[in-house]
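1. fold the following and give me the result.
(chains A, B, C and D)
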Amino acid sequence: MINKTVKNAEEAIRDIENGMTLMLGGFGLCGIPENCINALVKKGVKELTCISNNAGVDDFGIGLMLQKRQLKKMIASYVGENAEFERQLLSGELEVELVPQGTLATRCMAAGYGMPAIFTPAGVGTEVAEGKEIRNFNGKDYLLEHAFDADFAIVKAWQGDTAGNLIYRSTARNFNPVMAMAGKITIAEVEHLVEPGELDPDQIHTPGIYVHRIFQGENYEKRIEQRTTRTKSEQHA
Amino acid sequence: MINKTVKNAEEAIRDIENGMTLMLGGFGLCGIPENCINALVKKGVKELTCISNNAGVDDFGIGLMLQKRQLKKMIASYVGENAEFERQLLSGELEVELVPQGTLATRCMAAGYGMPAIFTPAGVGTEVAEGKEIRNFNGKDYLLEHAFDADFAIVKAWQGDTAGNLIYRSTARNFNPVMAMAGKITIAEVEHLVEPGELDPDQIHTPGIYVHRIFQGENYEKRIEQRTTRTKSEQHA
Amino acid sequence: MLDKNGIAKRIAQEIQDGSYVNLGIGIPTLVANYIPEGFNVVLQSENGLLGMGPFPFDGEEDADLINAGKQTVTTLPGSAIFDSALSFGMIRSQKVGLTILGAMEVSENGDIANWKIPGKMVKGMGGAMDLVASAKNIIVAMQHVNKAGESKLLPKCSLPLTGVKCVKKIVTEMAVLDILPEGGFRLLERAPGVSVEEIKNATAGKLVVEGEVPEMKLS
Amino acid sequence: MLDKNGIAKRIAQEIQDGSYVNLGIGIPTLVANYIPEGFNVVLQSENGLLGMGPFPFDGEEDADLINAGKQTVTTLPGSAIFDSALSFGMIRSQKVGLTILGAMEVSENGDIANWKIPGKMVKGMGGAMDLVASAKNIIVAMQHVNKAGESKLLPKCSLPLTGVKCVKKIVTEMAVLDILPEGGFRLLERAPGVSVEEIKNATAGKLVVEGEVPEMKLS
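-> All right, here's what the predicted structure looks like:
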C-alpha cells in the first residue's frame, strides 16, 4: 500500500494558497474537518472559494473563516445559521452561489466519477436555471450542471488507515465521501488512524486511491447545533 | 420498517412476463442470483432482454437461459466465456448490444440516481459511438449514454434484512448495488436473511428503499470460473 | 382554526402504510408524531438517513447523528446511513414517494416559493428544490396567511420559486386544498369552525368550491 | 526475442513507486510478478477491488473474491472493495494512472483494437474501452506479429477500434516503442539479440529510428 500519512493539519494544508477552491465536508456542524479549518484560520490564507453545504455558525466551522474574511466566494445550499454570512452577503463583501443540495452533492460526485456534467430536475423553472442548458428526457425537463473543479477537498472521517481508506460514522458521513472523491488533492482528517489491514475491505466508504493525505485529528469538539431530546417519560408517547 | 420478505425465488419472480427487461447482477459467475435464474429457467419465461455484465457459461448462470432460448436480446460488456452465446449471436438468433463495462455500470447507476443520461469518454471514436451524441467538455469528447430502464433488477447479496437493506461480500458486490438501485422492481436474494437491527446502519451497501422483495436463497453453488492458486512453496516468490 | 399540531395531525392522515416520506423543517417535522400506530412508514432525512427515529433521551445525544434540520435524532432497527449524493439519488429516482414541506407562497398552478426574500433573507434552498422537482406527491404545510395578514395562496408567486407545478395538496390552519390540473385551489375540507367564506377571504388565488365542503375529521 | 515473462519483466520497469495500476488479462497479469521489491504499487481490478493480492493457496480459494479475469485472488492489508460503478469512476477520474493491456492491433497514431473480429469473434470490450479512454498512461503488451506472421503495428488499424490516440508505449517480444505526438512508432529499445532491421521488417506502420537504439536491460 501507499502511505498517505502526514503529521497534522498544518502539514496537510501546507500548500493551500490564496485564491484556491476548497471543498469542505460536513452537513451543518456534523462531520466537519475541524482540525483543518482551524489550521486554515491560523494560516490566514485568503480569497478562497469554498464549496460546502453550509457555512458553519458565527463562531464555529466555516464561520471562523468568514469572521477573518478569508472567503471570496461561498458555494453552498443552506446558510441560514450564520448571521455574519448574511451580513457579508447583503453588503456585497462575499460572492455567493446557492446550489440545491442534491445538485451540490451530485456535482461533487460527478468530479469523483470523471463525469464532466450531470442532469437534474432540481431548479427547473427557478432562478437556479438562469443561463443553464435545459434538456428534456422522456417528457421531463432537466438542467445540465457541471462537475466541480476543486484544488483541495478536505474531509473528516471516523476511521482511516495509512493507505487512505476511510470509514465514516453515522450521519457525519453526509458530503464527506463525495467530496473525498472530488478534490485534485484530498485531505482526510480522522478520529482514529489505523494500520492497513485493520479495516474490513468490505466496509470502506472511501477507497484510499482518492485520498492523498491523512492524519489523526485532535481535540474534536463536535458541537451540536440543535440539541433536541425527549425525557424518559416521553418514551411511550 | 417495511417488510419486503417473500417466500422464495418462485414468489419473487411471479410476475415476470415474456418480453420484459431484466437486470441481473454479478460479474462472471461471481455474485449472480442463482436462485432467481433457476426459477426463471423453470418458469420458462421468454423473449427477455437481459442486462448483465456477462452471459454466464454454457451450463451455469445466464447460460442456462440461453440454452432454453429465453433471451431475445442481451446487453453485456463481455461474453467470451460462452460458446452457445456466440453461436446464437453469429446465427442471428440473439440480438446483442455490447456496452463498455464502465458505461454499463454507470447507466445502471444513473437509473438509480434519477439521472436520465450520463457522459463518458468510453467508446469515443469507436463503433460504440455510432449514432450517439458526442459532446466536448474541457477539450475532451464524451458520449451521451442513457440510463437503463428495466422492469426488474435481480441481485444477490450476502446479508439482507427484511426491510431490504443489503450487504455484499467481497467482489461478489460488483454490479449488484448499482442494479439494485435501478429496477422498477428490485428482487434481492441473500445468503443470510436477518431481522431489522441486526445489520449496522453504517455498513449497509444498498438501503432498503431500493429493494422491493427479498428472500433467503438456498443451495448456492458459487461456481468458480478460473480457479487459480499457488502452492505454499510459492509463498516467498 | 388548527394550531401547528393540528395541521401536522391532519397531514398525517395523508401518509400511506408502507411508504417512504421526507419531512421538511417546522410543522412537517411534527407530522412524525401523528403517524398512525401500526403503520410502517420510513422517514428519510436528506442528509443521509433512512429510518429516522425519535429524538434521543436527555444525555444520549450523538453529535454524529442528526437530521436535515440539524436536530439530534436516533436510528431505528433497519435504518440505513448513506452519503448525500445517494440520498438525493433516491429522491430523484422517486423512491421517496411523499415530501411534506413548508412554504412562504403557493400559486394556484402548484408553484411553490420557500427559500428566498430578495434583499432581505437568503437562507438558501437546501434540499427543497431537489425534493419538489422529484417527489411524486408533495404536500405543503403552512399558515394560510402571513404575519402581515396577506394570503399565501396566490394566483402567482411573488417570491423566487423553489419549484414549478409540483404541489399536490396544501394543509393550513383553515383548510385542506388540492391543486387542480387546470389550475386553482380546490377546497376539500374546512378546519373545525371555519367557514367557506372565511377561507375564500384568506385565499388570493382562484378557489374552487364544489358542493358541500366537509369539516376535517381529526381523531 | 522475449518470451511472455520477458515482456512482463520489461513492462514492470515502467511502473512507478506509489502508483495505482490496472493490469489487463494475459501478459499484463504477469507484470505483477516483476514489480520491484519495496515498491508500493496498488493493483486495481475493475470488477471492484483495489489492492489485489497474489493467487490464493491451494484450498483457500474464495468464489466471492476474483479479479477482472475471473481468477481467484486475495486481498492485502489495506485493500478496498467497491461496486463496478465506483470502480470505473476512479478509472474515469484518472486516479488509476497506468493501464497495461493486450492488443490485436495498434496504429502509429496510438489507436488500439482488441475486442472484436467482425463475423468471427465477439467477446466484447469488457472494461478496455473505459480504461483506454481515461488512463493517463497506457502501455500495450503484445506480440509484434500475429500468428499469420503479419505485423500488429500498423499505419491504421483494420479491426474495430477500442480507443483512439490513446496508446503511449508498446512492449513486444522484439522491442519497446512509444507513439510520437505527430504519429509514428519510435523505437526505444531492442530485445536482446534482435536487430533494428528485424524490427523494421516486423513493423508495418511508420517506424522512427533515432541514432543508436540500445538493447533492453532486463535485470
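2. next secondary structure after the helix or strand bottoming out on mean pLDDT in chain C?
-> When the helices and strands of chain C are scored by mean pLDDT, DSSP states H and E, strand C:121-122 comes last with a mean of 78. Using DSSP states H and E, the helix or strand that follows strand C:121-122 towards the C-terminus is helix C:128-134.
3. before we move on, the earlier item: so which elements touch the least confident helix or strand of chain C?
-> Judged by 3 or more CB pairs under 8 Å, 6 or more residues apart in numbering or on different chains; DSSP states H and E, strand C:121-122 is in contact with helix A:83-90. Yep, even glycine has a C-beta here, placed from its N, CA and C like the rest.
4. residue contacts, the most centrally placed residue in chain A?
-> Centroid-nearest residue in chain A: A:Gly25, 2.1 Å away (criterion: CA atoms, centre = their mean). For A:Gly25, the contact set (CB atoms under 8 Å, 6 or more residues apart in numbering or on different chains) comprises A:31-33, A:52, A:153-156, A:174-176, A:179-180.
5. give me phi/psi at it?
-> phi -70, psi 170 (degrees, to the nearest 10).
6. go on, A:Gln203?
-> phi -110, psi 0.
7. give me the distance between it and B:Met1.
-> Look at A:Gln203 and B:Met1: by CB to CB, to the nearest Å, they are 22 Å apart.
8. which one of the two has more residues nearby?
-> B:Met1 (22 against 16; other CB atoms under 10 Å in any protein chain shown).
9. the more buried one against B:Glu198, yeah?
-> No - using CB atoms under 8 Å, B:Met1 makes no contact with B:Glu198, being 11.9 Å away.
10. which neighbours do the two have in common?
-> Counting by CB under 8 Å, 6+ apart, the shared contacts of B:Met1 and B:Glu198 are B:Asp161.
11. now tabulate the contacts of A:Gly25 in TSV and tack on pLDDT.
-> Below are the contacts of A:Gly25 laid out as TSV (pLDDT from 0 to 100):
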residue	pLDDT
A:Gly31	98
A:Ile32	98
A:Pro33	98
A:Ser52	98
A:Ala153	98
A:Ile154	98
A:Val155	98
A:Lys156	98
A:Asn174	98
A:Phe175	98
A:Asn176	98
A:Met179	98
A:Ala180	98
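12. okay, those residues in JSON lines with neighbour count, secondary structure and distance to A:Leu94 next?
-> Listed next are the contacts of A:Gly25 as JSON lines, based on neighbours: other CB atoms under 10 Å in any protein chain shown; DSSP: H, G, I helix; E, B strand; the rest coil; distance: CB to CB, whole Å:
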{"residue": "A:Gly31", "neighbour count": "28", "secondary structure": "coil", "distance to A:Leu94": "24"}
{"residue": "A:Ile32", "neighbour count": "32", "secondary structure": "coil", "distance to A:Leu94": "19"}
{"residue": "A:Pro33", "neighbour count": "29", "secondary structure": "coil", "distance to A:Leu94": "21"}
{"residue": "A:Ser52", "neighbour count": "26", "secondary structure": "coil", "distance to A:Leu94": "13"}
{"residue": "A:Ala153", "neighbour count": "32", "secondary structure": "strand", "distance to A:Leu94": "21"}
{"residue": "A:Ile154", "neighbour count": "33", "secondary structure": "strand", "distance to A:Leu94": "20"}
{"residue": "A:Val155", "neighbour count": "35", "secondary structure": "strand", "distance to A:Leu94": "23"}
{"residue": "A:Lys156", "neighbour count": "32", "secondary structure": "strand", "distance to A:Leu94": "24"}
{"residue": "A:Asn174", "neighbour count": "34", "secondary structure": "coil", "distance to A:Leu94": "23"}
{"residue": "A:Phe175", "neighbour count": "32", "secondary structure": "coil", "distance to A:Leu94": "20"}
{"residue": "A:Asn176", "neighbour count": "33", "secondary structure": "helix", "distance to A:Leu94": "24"}
{"residue": "A:Met179", "neighbour count": "36", "secondary structure": "helix", "distance to A:Leu94": "21"}
{"residue": "A:Ala180", "neighbour count": "29", "secondary structure": "helix", "distance to A:Leu94": "26"}
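13. out of these, which touch chain B?
-> Subset of the contacts of A:Gly25 in contact with chain B: empty, counting by CB under 8 Å from any CB of the partner chain.
14. tell me the one among those residues nearest to C:Thr99.
-> Nearest to C:Thr99, judged by CB to CB, of the contacts of A:Gly25 is A:Asn174 at 19.4 Å.
15. tell me the spacing between the residue lying closest to that closest one once chain neighbours are set aside and B:Asn219.
-> Nearest-residue entry for A:Asn174: A:Phe27, 3.8 Å, with adjacent residues in sequence omitted and distances by CB to CB, 6 or more residues apart in numbering or on different chains. Separation of A:Phe27 from B:Asn219 (CB to CB): 44 Å.
16. then C:Ala113?
-> 58 Å.
17. if you count what's nearby, which of the two comes out ahead?
-> For C:Ala113 versus B:Asn219, the count of surrounding residues by other CB under 10 Å is larger for C:Ala113: 21 against 7.
18. tell me how far the more buried one lies from B:Pro121.
-> C:Ala113 is 40 Å from B:Pro121, by CB to CB.
19. and C:Gly89, by the same measure?
-> For C:Gly89, the distance to B:Pro121 - CB to CB - is 23 Å.
20. equivalent analysis for C:Ala135, please.
-> C:Ala135 sits 33 Å away from B:Pro121, going by CB to CB.
21. how about A:Lys232?
-> For A:Lys232 relative to B:Pro121 (CB to CB), the value is 58 Å.
22. more crowded one of these two?
-> B:Pro121 (26 against 8).
23. which residues does the least confident helix or strand of chain C contact?
-> A:Val79, A:Glu86, A:Leu89, A:Leu90, A:Val96, A:Leu98, C:Lys116.
24. okay, now the closest residue to A:Leu94 other than its chain neighbours: neighbour count?
-> Spatially, and ignoring its direct neighbours in sequence, A:Leu94 is nearest to A:Gln88 (3.8 Å; CB to CB, 6+ apart). Residues near A:Gln88, counting by other CB under 10 Å, number 20.
25. mind checking how far A:Gln88 is from A:Gly28?
-> Here the distance between A:Gln88 and A:Gly28 works out to 19 Å (CB to CB).
26. leaving out the residues flanking it, which one is nearest to C:Gly24?
-> Spatial nearest neighbour of C:Gly24, chain neighbours left out: C:Leu101 (3.4 Å); criterion: CB to CB, 6+ apart.
27. got the phi and psi for the one you found?
-> Note on C:Leu101: backbone dihedrals following degrees, to the nearest 10 are phi -150, psi 170.
28. list the buried residues in the helix or strand harbouring A:Thr186.
-> Here A:Thr186 is covered by strand A:183-194, with elements defined by DSSP H and E. Residues of strand A:183-194 classed as buried: A:Gly183, A:Ile185, A:Thr186, A:Ile187, A:Ala188, A:Glu189, A:Val190, A:Glu191, A:Leu193 (neighbour count, 16 or more other CB atoms under 10 Å in any protein chain shown).
29. does C:Leu177 touch C:Leu153 like I think?
-> Yes - between C:Leu177 and C:Leu153 there is a contact at 7.3 Å, judged by CB under 8 Å.
30. is any part of stretch C:173-191 close to chain A?
-> No - looking at stretch C:173-191 against chain A by CB under 8 Å from any CB, there are no contacts, and the closest approach is 15.2 Å.
31. tell me the secondary structure for A:Asn38?
-> Per DSSP: H, G, I helix; E, B strand; the rest coil, the secondary structure class of A:Asn38 is helix.
32. surely it meets A:Ala9?
-> Yes - between A:Asn38 and A:Ala9 there is a contact at 6.8 Å, judged by CB under 8 Å.
33. between these two, tell me which one has more neighbours.
-> A:Ala9 (25 against 17).
34. need the contact list for that one.
-> The contact partners of A:Ala9, taken as CB under 8 Å, 6+ apart, are A:Asn35, A:Cys36, A:Asn38, A:Ala39, A:Glu189, A:Phe215, A:Gly217.
35. mind putting those into TSV with distance to chain D and pLDDT?
-> Shown next, in TSV, are the contacts of A:Ala9 (distance: CB to the nearest CB, whole Å; pLDDT from 0 to 100):
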residue	distance to chain D	pLDDT
A:Asn35	23	98
A:Cys36	21	98
A:Asn38	29	98
A:Ala39	25	98
A:Glu189	19	98
A:Phe215	17	98
A:Gly217	20	98
